[in-house]
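Undergrad: The sequence and its predicted three-dimensional model are supplied below.
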Amino acid sequence: MFFFPPWEWWTLSGPALGTRGMLSYLLRRGAGAVLVLWLVVTISFFLMHWLPGGPFTGEKRLPQAIERNLAERYRLGEPILRQYGAFLAHVIRGDLGPSFRYQGRSVNQLLWEAFPVSATVGILALSLALWVGIPLGIRGAVGRGSAGDVFIFFLTGLGMSLPTFVLAPLLLYIFALKLGWLPPALWGGPAHLVLPVLSLAFFPTALITRLVQGSMAAVLAADYLNLARAKGLGEKMVLYRHALPNALVPVLAYLGPLTAGILTGSFVVEGVFALPGLGEYFVNSIYNRDYGVIMGIALFYSALLVAINLAVDLALAYLDPRFTLTGRGEGG
Amino acid sequence: MKGRSVHFGGGGPKAARTYLFLGLFLIGLVTLLSLLWPFLSPYSPREQALDQGNLPPSLAHYWGTDALGRDLFTRVLYGARLSLGIALGVVLINLALGLPYGAVAGWYGGRVDMYMMGLVDILHGVPSLLYIIFFLVVLGPGLKGIFLTLGLAYWLDLARQVRNQVLSFREAEFVLAARALGLGPVSILWREMLPNMVDPLLVTLVFHIPQAVFLEAFLSYLGLGVTAPRASLGTLLAEGVANMRSAPRELIFPALLVFVIMLGFNFLGEGLRGGGPKAP
């Protein structure tokens, strides 16, 4: 629980941790992130090579040209450690390799084309979730025990029980097929964005509302707010200037898992609404058993999530040095 | 905040009882239906009757039939049973991993704890879902893969929770007393500490069940989970999405079941936790 009045944050991130403390924390967490990424790359490599049914052990033949390219790129004739070294060198240089299905298509090309679509939908959904969830959570926390509080709590309970793969097809059916209000699929004008963004934003909205409701209620019970009130501050000022920044810390701390949730949702939403995003390519490459693309996208998304977690941890450490004491860092 | 009984949001302890009963009612309903469907419907979930395809709901087929003439009511309830069974199994596997791991780390503390929890922290940083998918692609879909991968999905949280509790109990008086009586570590952990952490552990487990239902359905939806002739709610949903234009009920009924199951467990969890969201 976080009872640091925001006007004292600077004192805490100053003397308590200091530039040197911050720097050593940054180094420690940075090393941790690199370790996780290395682990991820290594696991991918050995899964591909050792599991039965993997691309290099499977008996299914690929087209000659692709097979020759693969053998050359992955150095299939050489000892396994040599292969691993070559693979690692490619990944470090940011080269995620070729597709195993489509000749002349690389994962990097795919990322370049498809990621902007996914990022647009994802960022819009996350913004919508924050924009709706935070005020709703505040409302719920302020009127604690009231009918509104119970209603919001109930509503978020419903929201958290509707996974994207249930909601997206239902929305598509109701608003595009039955009512015909919105286009059912494909990438076009803003109208094409409404349904995908709504289906993606639903679950995070419920989650953020819950988070803010809980943390806000905890903050509202803290003594420093009584002090602020006793000093004669208006209730609005107390709420938005003094309580809210503290109540938002858990939302910040949850940004990593939240992003991971949006990624998960995008795998479904892009399929349902036929958007040419990265999630759709990922799912298609699962159907096609295109190991190159699966691994490339998995590595890219892992790096993205690890980077977000690192940024979140550093921001938290800056805001509240106590975060440096516990080993945090959550994946998806 | 300790020592003050503060209930955050959701209406407090009185409402908690309502959530508890609501959750129990929904879960009870689905469980009963999914266990008793052989008595409620004369059809088999797998047997095809091609001359009876795509029938609308009627008294003979409560929810109609799919394109292959299979009774939808039977299939959805059968799918719900499979989904619930998998979720329960997955949660138990995670418990079997996380409980001893956390207990050992918490009991020994010091260096052992540091290394064991360091490993947990590192693994926590790995985006698990991407690796579950990757693993299942390589391993091939099926129940074995589902248990193998989902069985490793939540044990980190459990290990951390158990470790924190064991660590906090280590110096407690009831543990000192047990030590003085000459009890060994295993019996202290099992007979003295475990009963004291059942409540919070139960809440965590109850919240893991809808997550496991979600994950299994998600993976089956992607075609990586349960395969034909078996059909879980996720498989049915994927079929429903494919046939949405011609037979929307094939989408609506599995969606309803997923929703009710997740809602039931979420409410049950809230009820057990005492109403209102936990302050994170």
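TA: Now that the structure is in, tell me what you want to look at.
Undergrad: and B:Leu263, how many residues sit next to it?
TA: By other CB atoms under 10 Å in any protein chain shown, 21 other residues sit near B:Leu263. The C-beta positions use only the backbone N, C-alpha and C, and glycine is treated the same way.
Undergrad: Quick check: pLDDT value at residue 121.
TA: Just so you know, I chose chain A. On pLDDT, A:Val121 comes in at 90.
Undergrad: um, chain B though
TA: 82.
Undergrad: now A:Leu39
TA: At A:Leu39, pLDDT is 87.
Undergrad: For A:Ser302, see how far away it is.
TA: Remark: distance between A:Leu39 and A:Ser302 (CB to CB, to the nearest Å) = 10 Å.
Undergrad: quick one, which of those two is more surrounded?
TA: Shown here are A:Leu39 and A:Ser302; by other CB under 10 Å, A:Ser302 has more neighbours (25 against 15).
Undergrad: Now do the contacts for that one.
TA: Listed by CB atoms under 8 Å, 6 or more residues apart in numbering or on different chains, the contact set of A:Ser302 reads A:36-37, A:40, B:126-127, B:130.
Undergrad: In helices only, show me those.
TA: Under the assignment DSSP state H, these contribute A:36-37, A:40, B:130 to helices.
Undergrad: if I pick B:His61, what's in contact with it?
TA: B:43, B:52, B:55, B:71-73.
Undergrad: Do you have the helices of the stretch 1-150 of chain B handy? List them.
TA: Applying DSSP state H, counting those that start in this stretch to the stretch 1-150 of chain B gives helices spanning B:12-40, B:72-108, B:110-125, B:128-139, B:143-150.
Undergrad: Next, format the ones you listed as TSV and append distance to A:Ala311 and mean neighbour count.
TA: Formatted as TSV, those follow (distance: least, CB to CB, whole Å; neighbours: other CB atoms under 10 Å in any protein chain shown):
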stretch	distance to A:Ala311	mean neighbour count
helix B:12-40	36	16
helix B:72-108	29	22
helix B:110-125	13	16
helix B:128-139	19	23
helix B:143-150	28	19
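Undergrad: neighbours of residue 211, just the number please.
TA: You didn't say which chain, so I picked chain A. 27.
Undergrad: was after chain B, sorry
TA: B:Gln211, neighbours per other CB under 10 Å, totals 18.
Undergrad: Ok, the one 5 residues further on next?
TA: If you count neighbours by other CB under 10 Å, B:Glu216 ends up with 28.
Undergrad: and if you look at A:Ile43?
TA: A:Ile43 has 16 neighbouring residues, counting by other CB under 10 Å.
Undergrad: how much space between it and A:Leu299?
TA: A:Ile43 is 10 Å from A:Leu299, by CB to CB.
Undergrad: Including distance to chain A, could the helices of the stretch 1-150 of chain B go into TSV?
TA: Converted to TSV, the helices of the stretch 1-150 of chain B look like this (distance: least, CB to the nearest CB, whole Å):
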stretch	distance to chain A
helix B:12-40	6
helix B:72-108	12
helix B:110-125	4
helix B:128-139	4
helix B:143-150	11
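Undergrad: since we're on the closest residue to B:Phe214 other than its chain neighbours, how many residues are nearby?
TA: Once flanking residues are discounted, B:Phe214 sits nearest to A:Pro163: 5.2 Å by CB to CB, 6 or more residues apart in numbering or on different chains. Here the number of neighbours of A:Pro163 (other CB under 10 Å) works out to 26.
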